[in-house]
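A.B. asks: Provided below are the primary sequence and the corresponding predicted coordinates.
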Amino acid sequence: MPLKKPLLAMAMAAVLILPTAAQQAAAPPAGAAPKLSVPYTKFTLANGLTVILHEDHSVPQVAVNVWYHVGSSREKFGRTGFAHLFEHLMFEGSKNVKEGEFDTLLEAAGGSNNGSTTTDRTNYYEQLPSNALDLALFLESDRMGYLLDVVTPKLVDGQRDVVKNERRQSYENAPYGQAQIKMTELMYPKEHPYHWPVIGYMEDLTAATHEDVQEFFKKYYAPGNASLVIAGDINPAEARKRVEYWFGDVKGGTKVEPLAVPPATLSGVIKETLTDKVQLPRIYLSWHSPALYQPGDAELDILSGVLGSGKNSRLYKRLVYDLQLAQDVTAAQISARYGSRYLIMVTARPSPDPYEKTLERIKGIVDEELDKLRATPPDAREVERVKNGYEAGFFSQMEQIAAKADQLNAYYFATGNPDYFATDLARYQRLTPQDIQNVLKTYLLPDKRLELSVVPDAKKTEGGR
Amino acid sequence: MTRVFALIGALMLSASLVAQQAPDRSKPPAPGPAPSLKVPPVQKRTLSNGLNVWVVEMHEVPVVDVTAIVKSGAAADPTGKYGLASFTAAMLDEGAGSRDALQLSDAIDFLGASLSTGSSWDSSSVNLHAMVSKIDAALPIFADVLLHPAFSQSEMDRVRKQRLTSLLQTRDNASALASASFARAVFGPRHRYGTPSIGNEVSNGEMTVSELKQFHSTYYQPQNAYLLVVGDITPDAIMPKLEKALGAWKNVGTVPKPTLPATPQHGAREIILVDKPGAAQSAIRMGWVGVARSTADYFVLDVMNTVLGGSFTSRLNMNLREDKGYAYGASSSFDMRGTAGPFVAAANVQTDKTVESLTEFFKELEGMKTPLSRPDLTRARNLEALSFPGAFETTSGVASNLAELAVYGLPESFFSEYVPKIQAVSVADVERAAKQYLQSDKFAVVVVGDLAKIEKGIRAANFAPVRVVTVDEVLK
């Protein structure tokens, strides 16, 4: 399901150049920051598939990671949730892989696998012992080339049921689940591809057909619309030969037209209240904000740290620590390819006051804290604190080949440069308190935002008190 | 394709020629010989106060992970004080040494480090993860948190409200309610395992500063702890720093050993229903008393559970998810603790397939008593054995593997013996274990769901006697 960007960029994997013996001899003076870089080899097959290879022998394993540059934003009206349903079908076998074998073969080789779908892309990945690299390449190439040979209406029905249960588990039977869906519906106009949830609507999942599968595959699953990363215990020259062997016969496809995305703006304050089977009321404030990697994106990430990360962050300290009105505070820039959302979310503590009054009070305090920052930039130390967390996060995520592989693909898709790690970190490191204040004043307008409240269902239920 | 072809390709054929050759897709390429796991050597040292320090060098990334493991957790909670270990651990970083809670948080955050405290059934821990360049500045704070927590009354009252609110939110979450209800059904209200490790509303409401201080001074002693240091350091470089930070930590007296009674095995199948009106799914949890971490059947149960519910291709998941489509996933696990913890099989299933799902659960559990096919056994053994090196990829992964050795007193040879012992598990071993450990006719079965829609059907199916339990009873 959709990957969400956490508060700090901990999910943004980063990779350190490994200090070899020679480099250690010429090590920078103590105190100098270690350099972020990930060496890679990139090439393109005749069918259009871009391949990125990265060598890391820390453990005798390899990470194979394929991105198809299609997500829920490419879905048709009446077929929401299709990109994700399609992701499920990719694990059900292909011309030379019987149903169920995708998983049994990988597990028998000691491998794990999964996939995920966002608004903008779908990824598929395996991590397995390096001696079984050929197996992963066989499986990935077979479904890239020959999926349609085996997809039947019955197979679609089976995964349709699984996905409906995923929706029940993650949204319908999850506390505050419906608010997640409501938010994008209220923020984006109907014709905007971020209006509907990645998981889709039940009736659209019901309506999806076998023909839809064929059309979607032909349009979006050609090698030219994908990129493959292999990271880990490989010899790049050898790995290249194996990739050419397995993917060379996959037919190329037609070029995918750029997505035309209509503008999304709010012209005033949208207020809405939902009831849910929860114990505590919660408020969501949300604004439109700059797309991933665009100017303002990193600034808003830092703002999130200033507002909501750690006991000393402004909203946490005021609402959770000092006043103890709230159980939790979230502030996050939810970055995406065609435009982002900025979110502030606060869950109230139990209170004798009516729910609406409690949420109004919390909202007033959030606005007070935002006003303070509009009047005076954050302290240099506050900004430094958040930046230091980002830097450490970049390095810690370099410990995992799977995280590196996915980030190489992410950077390649967004910027064309897989080794964008140092440039990405530099986006954060160069920011000043003034920069943070500026984005707050520009994007978090008090009179153009969503104010979504969730209040407990008035009916007392067995789960309530 | 085979490894032989890869070699020929490397030696004789140019890349373009290889690319033009159609791949042989007639059968899946067989993996070559498995690479051997290089278990990183554990370098064992001690501080002057006797504290055991285990160091593992990993120089790929300039980070270091430092964990103090105290070998006492929720199992050491006195009767009526459930949640004491958890509350004590939660308070360690709410002010310590010369810093109050806000100053401490600021100091750690400013270093870009993360510091966390926590407890499980059998241990409590303080963990520091930092850039190696920040370790000198972070270690004294880590030591204060471990040795000199303030346990201030006002901070405790604040954290208490947070914990009570979390307990209230349990009512929103069908899975959490089902787990709590299942533990209560198997272990009862008087055994520690019958109540969540965080405790309940009453115990968290009553706990005092002096009780926290008492738990800390009784159990947080060097003789009851290990220090695990993993990352871009060497023992020679780190030991003087650890000595300076932690050398003054002294033993103060005998550490009591937890004396949890063995739980009588669940005697007969029963079904416990908890109402969650309007729920789109039913949360099912079923099982009984499993095994302690010290079980001689550790490797057999690892393989058996991988087949039953411990992997994607496990029988429960393939049946309930892939074949029937009743659930997003189904699984099972043995929670191995100091004394026998629960075995549980679990899934959240769509409301209108609750009875059908229960039937499939029982069918798969019974089916485990029939000897496994060779491919099933091989796949499960390979998955566990061949994926084992992945557990040593990150500093925190290595640290958590070391912590298990420390807490349960396992020999370091556990790592090197793991693969051969898994590969030695036989069809007969699994058959014997399934008959012993998976007697579903004696299981406690919990279903949290919309009783207006599911109760009648469950009763009519006659799986076992049914009783309905209120949420208040579950969380009491």
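C.D. replies: Structure's in. What do you need?

A.B. asks: What residues does the stretch 251-400 of chain A have near chain B?
C.D. replies: A:277-280, A:309-312, A:317, A:320-321, A:324, A:327, A:349-350, A:381, A:384-385, A:388-393, A:395-396, A:398-400 (Cβ under 8 Å from any Cβ of the partner chain). For every residue, glycine as well, the C-beta is placed using N, CA and C.

A.B. asks: Tell me which residue of the stretch 51-200 of chain B lies closest to chain A.
C.D. replies: Of all residues in the stretch 51-200 of chain B, the one sitting closest to chain A is B:G112 (3.4 Å; Cβ to the nearest Cβ).

A.B. asks: mind listing what the residue lying closest to B:Y193 once chain neighbours are set aside touches?
C.D. replies: Distances taken as Cβ to Cβ, 6 or more residues apart in numbering or on different chains put B:F187 closest to B:Y193, at 4.1 Å, once the chain neighbours are dropped. The contact partners of B:F187, by Cβ atoms under 8 Å, 6 or more residues apart in numbering or on different chains, come to B:Y193, B:G194, B:T263, B:V289, B:P342.

A.B. asks: May I have the phi/psi pair for B:F187?
C.D. replies: phi -110, psi -10 (degrees, to the nearest 10).

A.B. asks: Up against chain A, what does the stretch 251-400 of chain B have?
C.D. replies: Going by Cβ under 8 Å from any Cβ, the residues of the stretch 251-400 of chain B near chain A are B:274-281, B:311-313, B:318, B:321-328, B:348-350, B:375, B:378-380, B:382-383, B:385-390, B:392-395.

A.B. asks: could you pull out the strands for chain B?
C.D. replies: B:43-46, B:52-57, B:63-70, B:114-119, B:124-131, B:225-231, B:270-275, B:281-289, B:327-334, B:342-350, B:444-449, B:466-468 (DSSP state E).

A.B. asks: Distance from the chain centre to the fifth one, please.
C.D. replies: Just to be clear, that refers to strand B:124-131. Distance of strand B:124-131 from its chain centroid, counting by Cα atoms, centre = their mean, to the nearest Å, is 17 Å.

A.B. asks: Each with direction, which strands does that strand pair with?
C.D. replies: In the sheet, strand B:124-131 lines up against strand B:63-70 (antiparallel), strand B:114-119 (antiparallel) (DSSP bridges).

A.B. asks: To A:L49, which of those strands lies closest?
C.D. replies: With Cβ to Cβ as the criterion, A:L49 lies closest to strand B:63-70 of those, at 34.2 Å.

A.B. asks: contacts for the closest one?
C.D. replies: A:392, A:395-396, A:399, B:123-132, B:135, B:139, B:142, B:146, B:219-220, B:224-233, B:395-396, B:398-399, B:403, B:406-407.

A.B. asks: List the buried residues for it?
C.D. replies: B:V63, B:V64, B:D65, B:V66, B:T67, B:A68, B:I69, B:V70 (16 or more other Cβ atoms under 10 Å in any protein chain shown).

A.B. asks: Tabulate the residues you listed (JSON lines), appending pLDDT and distance to A:D142.
C.D. replies: What follows is the buried residues of strand B:63-70, written out as JSON lines (pLDDT from 0 to 100; distance: Cβ to Cβ, whole Å):
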{"residue": "B:V63", "pLDDT": "97", "distance to A:D142": "38"}
{"residue": "B:V64", "pLDDT": "98", "distance to A:D142": "43"}
{"residue": "B:D65", "pLDDT": "98", "distance to A:D142": "39"}
{"residue": "B:V66", "pLDDT": "98", "distance to A:D142": "45"}
{"residue": "B:T67", "pLDDT": "98", "distance to A:D142": "43"}
{"residue": "B:A68", "pLDDT": "98", "distance to A:D142": "49"}
{"residue": "B:I69", "pLDDT": "98", "distance to A:D142": "46"}
{"residue": "B:V70", "pLDDT": "98", "distance to A:D142": "51"}
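
A.B. asks: Say whether chain B is contacted by stretch A:144-163.
C.D. replies: Yes. If you take Cβ under 8 Å from any Cβ as the test, stretch A:144-163 does meet chain B, through A:D157, A:G158, A:Q159, A:R160, A:D161, A:V162.

A.B. asks: For that stretch, measure first residue to last.
C.D. replies: For stretch A:144-163, the first-to-last residue distance is 22 Å (Cα to Cα, to the nearest Å).

A.B. asks: quick one: buried residues of that stretch?
C.D. replies: Of the residues in stretch A:144-163, those buried (16+ other Cβ under 10 Å) are A:144-147, A:150-151, A:155-156, A:158-163.

A.B. asks: So for chain B, the centremost residue is which one?
C.D. replies: Centroid check for chain B by Cα atoms, centre = their mean gives B:D335 as the closest residue, at 7.3 Å.

A.B. asks: List phi and psi for it.
C.D. replies: phi -90, psi 100.

A.B. asks: Leaving out sequence neighbours, find the closest residue to it.
C.D. replies: B:G341 (4.0 Å).

A.B. asks: Can you tell me the number of residues neighbouring B:E404?
C.D. replies: 15 (other Cβ atoms under 10 Å in any protein chain shown).

A.B. asks: Could you list the low-pLDDT ranges of chain B?
C.D. replies: Scanning chain B with the threshold set as pLDDT under 70 gives B:1-20.

A.B. asks: try it again with 90
C.D. replies: Applying pLDDT under 90 to chain B flags the ranges B:1-22, B:32-40, B:257-259, B:261-262, B:476.
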